[in-house]
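Trainee: One predicted model, sequence on top.
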Amino acid sequence: MTGKTLESKLAILSDAAKYDASCASSGSTRRDSRDGKGLGSNQGSGICHAYAPDGRCISLLKILMTNFCIYDCAYCINRASSKVPRARFSVDEVVRLTIDFYRRNYIEGLFLSSGVIRSPDATMADMVEIARKLREEENFRGYIHLKTIPDASPELIAEAGRLADRLSINVELPTEAGMKTFASEKSPSQIRRAMADVRLRKQAAGEATHTGRKPPRFAPAGQSTQMIVGADGSNDAAILGESTRLYASYQLKRVYYSAFSPIPDSTARLPLISPPLAREHRLYQADWLLRFYGFDLGEIIGASRDGNLDLELDPKLAWALQHREVFPVDINRAVRELLLRVPGFGVKTVNRILSTRRYRRIRYEDVVRMGGSMKKARSFITAQGWSPGGLVDEAGLRARFVPPPEQLVLF
C-alpha cells in the first residue's frame, strides 16, 4: 500500500466495490442545503448510479474503505487469500473525496462498504467516524449508505444508524449450509441478530417517548441486504423463499441479488455454476411480483421442475402462459388483482385503467397511451373494439415471446 496515490487507491477500491449490489437511495427523510446551511442534498435527480422506485437516478460515490480482509470467503474476490491489488483509504481521505466529488457535482451521496481489517469493531469504528465527520464537521446533508459489519458492537451500529440514511447487512448466501461450506468464518445467526437489532432500533426511533417527543432518527431509509446467487447451488425457489422470510422478519426495503461469477483462483473450491445475468434479472422480476403484484412463491415457481425461473420469459408472462384459462381479461370489467397479472401491465398502467374506466370504456389505443406493453398484453386482454381471437389458445404462443436463436460467433 506504501506509495499509492489517492487516485490509484480510488481506482482499486471503486472497482472492488462493484460486486456490492445493495446500493439504492430511496426512502430517506428529506434534507438539503437550500436554506444556506450545510452542503449537499439527498434529494433530486442525478460514481455509481442507483435507481429509486420512482425511477429517479441517484449518483453515489461507491467505494470500499479497504479491500484488505481478515475473512476468506470462497466466493469473494477480496478474500484474505486472493491475489488482487490491495489499498486502504484513511478516514480523512474518504471524507475529502466525498466532499470534492460533491462540489464538482459528480455525486449526491456516498455508499461505503469495506473489507474487515483488524477486527469488526475497528473497521466499523472507522466507517462511523467517516459518517460523523461528514455530518458534523462538513455539515454534509447528502445521502449516506453504510454497509454494516454484523459482528460489530451494537453501540457502533446504533451510531451508524444515527448518522446514515440506510444501513445494510449482507446475508451472503441463501442457506446456512452454503455459509458453512463457503464462508465458515461468518455466522448466519449473528448476521440475523444484527439485522433484528437494526429493525428494533428503527422501530423505536419512530415511536414517541413518554414525554411525547420522538427519539433521534435511526436509518430513516431502512435497511437492505444482498444475497450471492449461484455460488452454492441453491435454486431460485430457495433464494426467493429466503428473501420472503427476510422481508417479513426484518422489514427490509430491498433484497439485492448478485450473480456469482467464478473467480479464477477459487473455482476449485466452488461449484462450477455461473448463472447468466439473466438469472439475476429474473430474480428481481420475481421479487417484484411477490412484493407488489399479489403473487405467491408457489405460483411463480410452481410449474418449474427444478425450482428455477424460466430464463427465456419474465415470470409474469411465464405464469400467464401456464394459466391460459384465466385469459383473456376484459380490462373494462376485471378487478385490480387480475389486471396486475396481465403481462405487460405495470402498477401505473393498471391505476390509469381503473381511473379512466370510471368515466368511459377503454379502447386498445387508450391502453397504448397509458403505457401498457401491448406486444405482451395484446394476447391476454379484451378491450372496446379489440379481441385477441384465438391467440390466447394458440399452441405456438410462447414462441411469439421467446427471443429468436442467434448464430454464435466462432472466429
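Mentor: It's in. Numbers count the residues shown, from 1 in each chain.
Trainee: Quick one: the helices in the stretch 151-300 of the chain, in order.
Mentor: In the stretch 151-300 of the chain, the helices defined using DSSP state H, counting those that start in this stretch lie at 154-163, 176-182, 188-205, 236-250, 277-292, 297-301.
Trainee: Dump those into CSV; add distance to residue 90 as well.
Mentor: C-beta: built from backbone N, CA, C; applies to glycine. Listed next are these as CSV, based on distance: least, CB to CB, whole Å:
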stretch, distance to residue 90
helix 154-163, 18
helix 176-182, 32
helix 188-205, 26
helix 236-250, 33
helix 277-292, 34
helix 297-301, 46
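Trainee: Would you reformat those as TSV and include mean pLDDT and distance to residue 12?
Mentor: Formatted as TSV, those follow (pLDDT from 0 to 100; distance: least, CB to CB, whole Å):
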stretch	mean pLDDT	distance to residue 12
helix 154-163	95	24
helix 176-182	93	24
helix 188-205	93	27
helix 236-250	95	31
helix 277-292	93	24
helix 297-301	93	40
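Trainee: out of those, which comes closest to residue 216?
Mentor: helix 154-163 (5.8 Å; CB to CB).
Trainee: hang on, isn't residue 156 packed against residue 121?
Mentor: Yes. Residue 156 lies in contact with residue 121 (CB atoms under 8 Å); the separation is 6.4 Å.
Trainee: Please say which of these two ends up with more neighbours.
Mentor: residue 156 (19 against 15; other CB atoms under 10 Å).
Trainee: ok, and the closest non-adjacent residue to the more buried one?
Mentor: residue 124 (4.5 Å; CB to CB, 6 or more residues apart in numbering).
Trainee: Now the element after the strand or helix carrying the one you found, going C-ward?
Mentor: Assigned by DSSP states H and E, residue 124 belongs to helix 120-132. Using DSSP H and E, the next helix or strand after helix 120-132 towards the C-terminus is strand 143-147.
Trainee: Run me through the strand neighbours of that next one, direction for each.
Mentor: strand 109-113 (parallel), strand 166-168 (parallel) (DSSP bridges).
Trainee: Is it possible to get these out as JSON lines so that each row also shows mean neighbour count and mean pLDDT?
Mentor: Formatted as JSON lines, those follow (neighbours: other CB atoms under 10 Å; pLDDT from 0 to 100):
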{"stretch": "strand 109-113", "mean neighbour count": "28", "mean pLDDT": "93"}
{"stretch": "strand 166-168", "mean neighbour count": "27", "mean pLDDT": "94"}
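Trainee: With distance to residue 19 as new columns, can the ones you listed be given to me in JSON lines?
Mentor: As requested, the strands paired with strand 143-147 are exported to JSON lines (distance: least, CB to CB, whole Å):
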{"stretch": "strand 109-113", "distance to residue 19": "9"}
{"stretch": "strand 166-168", "distance to residue 19": "14"}
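Trainee: Who are the contact partners of the residue nearest to residue 156?
Mentor: Contacts here follow CB atoms under 8 Å, 6 or more residues apart in numbering; on that basis residue 124 touches 148, 149, 152, 153, 156, 157, 160.
Trainee: Please name the residues that touch the last one.
Mentor: Going back to what we said before, that points to residue 160. Residues near residue 160 by CB under 8 Å, 6+ apart: 124, 127, 128, 131, 146, 148, 167, 219.
Trainee: What separation do you get for the first one and residue 103?
Mentor: For residue 124, the distance to residue 103 under the criterion CB to CB, to the nearest Å works out to 28 Å.
Trainee: quick revisit: out of the contacts of residue 124, which are buried?
Mentor: 148, 149, 152, 156, 157, 160 (16 or more other CB atoms under 10 Å).
Trainee: so which of the residues you listed comes closest to residue 338?
Mentor: Using CB to CB, the buried ones among the contacts of residue 124 come closest to residue 338 at residue 148, 41.0 Å.
Trainee: Next secondary structure after the host helix or strand of residue 62?
Mentor: Using DSSP H and E, residue 62 sits in strand 57-64. Remark: after strand 57-64, the chain's next helix or strand is helix 91-103, criterion DSSP H and E.
Trainee: Just the buried residues of that next one, please?
Mentor: 91, 93, 94, 95, 97, 98, 99, 101, 102.
Trainee: Roughly how far does residue 284 sit from residue 113?
Mentor: In terms of CB to CB, residue 284 sits 20 Å off from residue 113.
Trainee: and what of residue 324?
Mentor: 46 Å.
Trainee: Just put the contacts of residue 124 in CSV and tack on distance to residue 248.
Mentor: Converted to CSV, the contacts of residue 124 look like this (distance: CB to CB, whole Å):
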residue, distance to residue 248
148, 20
149, 24
152, 25
153, 27
156, 27
157, 21
160, 24
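Trainee: Looks like residue 127 contacts residue 115 (just checking).
Mentor: No. Between residue 127 and residue 115 there is no contact under CB under 8 Å: 11.3 Å.
Trainee: so what sits against both of the two?
Mentor: Counting by CB under 8 Å, 6+ apart, the shared contacts of residue 127 and residue 115 are residue 65.
Trainee: Just give me the neighbour total for the residue nearest to residue 324 when sequence neighbours are not counted.
Mentor: Of all residues not flanking residue 324 in the chain, residue 392 sits nearest, at 5.4 Å (CB to CB, 6+ apart). Residue 392 is flanked by 20 other residues according to other CB under 10 Å.
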